[in-house]
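>>> The following comprises the amino acid sequence and a computationally predicted model.
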Amino acid sequence: MNFFVSCAKGLEYLLVDELLALGATRATATVSGVNAEGELRDAQRMVLWSRLASRVLWPLGSFECADDAALYAGVAALPWETHLAAGDTLSVDAHVSGPAITHARFAAQRVKDAVVDRLRGQGMERPNVDTETPDLRLNLSLRKGIATVSVDLSGGPMHRRGWRAQQNEAPLKENLAAAVLLRGGWPKRYQDGGALLDPMCGSGTLLIEGALMAADVAPGLQRHGNQLPSRWTGFDRAAWRELHAEAVARERAGRAALKPVFFGSDLSRGAIRASEDNAVLAGLAGLLQLRTGDIADLQAPANAEGALSQGLVVCNPPYDERLQADAALYRSIGDGLRKAVPQWAASLLCGSAELAYATGLRASKKYQLFNGAIECALIVCDPVAPPQRVASEPRALTEGAQMVVNRLRKNQRKLKSWLQREGIGCYRIYDADLPEYAAAIDVYTEEGGAARTFLHVQEYAAPSEIPEADVRRRFSELLTAVREVFQVPKEQVAIKSRAKGKGGSKYGRFDQRGEFITVREHGALLRVNLFDYLDTGLFLDHRPLRARMADEARGKRFLNLFCYTGVASVQAAVAGAASTTSVDLSGTYLQWCAENLALNGHGGQQHQLVQADAVAWLEAERHRFDVIFCDPPTFSNSARAEDFDVQREQLRLLRAATARLATGGVLYFSNNFRRFKLDEAGVAEFARCQEISAATIPQDFERNARIHRAWRLTRLID
């Protein structure tokens, strides 16, 4: 069965790993959740054991939903008499998007009405509504005209562990606390004899979550007690009893063996009292060693044998406006940790990349997380204070590495004045200039914060006759040259190397860091991800074409087909486009586009996002646009749309796109298929066409002028 497990944004990849460990046969990350596959028993195990999930939703039915009448009819068609017993109570949570139904409370009411009317029509008693502890909690999701009605197996928010009696001014949700601990490698550090320290512990969330994690306590045990999380008639009660009994046995053994290695401090005596009260309710009385104190006076935690030599620091410093975050506070955190526990690791949830930078700590990894609506930066430092490198004689570069160094420095000199004049921070510095060192190297300069330099190194496939040992040696020499020239930490170098696999050479498994950096191009701020995907979210070779379109789009209607992460749409919006419409089949890319727009202060009805097959959407659409950008993939075989081949489908695509041009409008068509041949005779039947490829290739791609081709089309007078 397919089901959906929701989570806070930024926890998706961690949740995938957790669900697979808990028995899911398949798990795929999406925005704010994971689509999972497994049996009902697996889903119930997740309700009991997931530390990261917010809800576990088991779908009962999906249907097209154009309006509230369709919603009512679709819900009423489901066999509710098999899902509720006589006298059961009901509650409905709704989440809606799109123009069909805009108010979640109204949608929830229509679902409730449909369920009630169906049951009364079957001669059953009308169920009462109980929003706190209903027997059956339903969830409605309405997106893109499709409604999905699910049972909420978790019975309520799963971040509530059941022990919290006291909280500070801005409590951290327990599932986000679990993410901070997991990113810091806490379970393994505890097993290796490490301790846990929170120098700004507040109401104790991180310490308590860490202790319960170390004690192998299922997060759902105290939340549900001996009660079922759901009294849905389809709930497997026997399986739940078995899972619950196993969890109780594991808890008993884990608590008995739990070591008192949990240390916390806070300036507020009230916060310490709240931590103590919460620890008692969590069954951890006497296991948390708490004190009142300033982080500037932080001391290394100690037991009877003296200061502890290893452990993990976790901290959620204040960062929203209400708590008046400031860089000086974050600097004091960094100073205090370096003095007290320099060899420990740290996992710190900071309010922004700028505040994380203010700590002065060198992060080995950085992740983007969301604490509610607040975008945060989670930095992991291991150790807190790396030992100073002892100066040593530089190792001589091999002849090959020195050749690459020379070429990189030559390219830097060649591009320097152009980059400064054009204000370009993201560019290609090397593109297989030396054929035996076959890779593309791109530079990404972070906007704001530390203005760090990141490198994206992508290996090209070597000819089959080249021995694999030579391929590996040359790529290693190239990476050595990159480090020699740019002098950036290894965590700021994204490497996309090829590995032999079935079917020949292919890219190996990418990192799943969830780390985005912000860059700037043509005045627009853009989020890129260098590590998790083959492409970064920004096609650098289209830079001149995007600038040209943005300039033409001022005050006009802009359409971006196959929009990817929406960079062209964002730049058109920043340049003053009257409206933008971005079309793509991928919900992930559309979400990325929405985040790029929001980063620049744009959104709402003026900037529409459409999840659809671009060709089918064009043929059904009736609105007209002044500037259209069409940059299709070479091939696409998505399960949600017809197979697409740009060579085969070019006339259908271009005919449909030019039909959507307003009077005087222009269509820019581009693709990177090396063997593409434009059907000029076919295009001439409906459009005037001019190839503009040479004018759209930037200076940093001059060596590879075939990186893409581009045409400018205008519609013939009907």
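Thanks, I have the structure now.
>>> what's near enough to touch Gly334?
Shown in contact with Gly334 (C-beta atoms under 8 Å, 6 or more residues apart in numbering): Ala358, Thr359, Gly360, Leu361. Placement of C-beta: from N, CA and C, glycine included.
>>> which stretches of the stretch 151-300 of the chain form strands?
Secondary structure of the stretch 151-300 of the chain (DSSP state E, counting those that start in this stretch): strands at 195-198, 262-266, 288-292.
>>> Contacts for the first one, please.
Spelled out, that is strand 195-198. Residues from elsewhere that reach strand 195-198 (C-beta under 8 Å, 6+ apart): 186, 190, 204, 206-207, 210-211, 214, 261-265, 301, 308, 310-315, 341, 344.
>>> Quick check: neighbours of it in the sheet, parallel or antiparallel?
strand 262-266 (parallel), strand 311-315 (parallel) (DSSP bridges).
>>> for the last one, same thing?
Strands adjacent to strand 288-292 in the sheet, as given by DSSP bridges, are strand 262-266 (parallel).
>>> How about residues contacting the strand it pairs with?
195-202, 204, 207, 210-211, 272, 275, 284, 287-293, 295, 298, 301.
>>> Check stretch 617-625 too.
556-559, 561, 581, 583, 610, 653, 656-657, 659-662, 665.
>>> Val149 versus Leu142, what's the distance?
10 Å (C-beta to C-beta, to the nearest Å).
>>> now Val666
Distance from Val666 to Val149, by C-beta to C-beta: 45 Å.
>>> The two: who's more crowded?
Val149 (24 against 21; other C-beta atoms under 10 Å).
>>> residues contacting the more buried one?
Residues near Val149 by C-beta under 8 Å, 6+ apart: Pro59, Leu60, Gly61, Ser62, Gly74, Val75, Leu78, Val111, Leu138, Asn139, Leu140.
>>> out of the contacts of stretch 617-625, which are buried?
556-559, 561, 581, 583, 610, 653, 656-657, 659-661, 665 (16 or more other C-beta atoms under 10 Å).
>>> Centre of the chain to the edge, which residue is at the far end?
Distance from the centre of the chain peaks at Gly123, with 47.6 Å (C-alpha atoms, centre = their mean).
>>> hang on, that residue is in a strand, isn't it?
No. Gly123 is assigned coil when assessed by DSSP: H, G, I helix; E, B strand; the rest coil, not a strand.
>>> For it, give me its contacts.
So Gly123 contacts nothing (C-beta under 8 Å, 6+ apart).
>>> Retrieve the pLDDT associated with it.
Note on Gly123: pLDDT of 89.
>>> Ala656: which element?
Secondary structure assignment for Ala656, by DSSP states H and E: helix 646-658.
>>> quick one on the thing from earlier: can you add secondary structure, pLDDT and distance to Ala85 and give the contacts of Gly334 back as TSV?
Below are the contacts of Gly334 laid out as TSV (DSSP: H, G, I helix; E, B strand; the rest coil; pLDDT from 0 to 100; distance: C-beta to C-beta, whole Å):
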residue	secondary structure	pLDDT	distance to Ala85
Ala358	helix	85	57
Thr359	coil	90	55
Gly360	coil	89	60
Leu361	coil	90	56
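>>> what's the closest of those residues to Gly400?
Checking those against Gly400 by C-beta to C-beta gives Leu361 as the nearest, at 36.3 Å.
>>> That closest one: neighbour count?
Neighbours around Leu361, by other C-beta under 10 Å: 25.
>>> was I right about it contacting Asp382?
No. Judged on C-beta atoms under 8 Å, Leu361 makes no contact with Asp382 at a distance of 10.4 Å.
>>> Spit out the residues that contact those two alike.
With C-beta under 8 Å, 6+ apart as the test, Leu361 and Asp382 both reach Ala346.
>>> Tell me where the stretch 301-450 of the chain has helices.
For the stretch 301-450 of the chain, applying DSSP state H, counting those that start in this stretch gives helices covering 327-340, 353-358, 399-422.
>>> now do the stretch 451-600 of the chain
Using DSSP H, counting those that start in this stretch, helices in the stretch 451-600 of the chain cover 468-486, 543-552, 567-575, 587-599.
>>> Which one, of these, ends up nearest to Leu22?
Of the helices of the stretch 451-600 of the chain, nearest to Leu22 by C-beta to C-beta is helix 587-599, at 23.7 Å.
>>> what helices or strands is the closest one leaning on?
With contacts taken as 3 or more C-beta pairs under 8 Å, 6 or more residues apart in numbering; DSSP states H and E, helix 587-599 sits against strand 524-528, helix 567-575, strand 579-584, strand 607-611.
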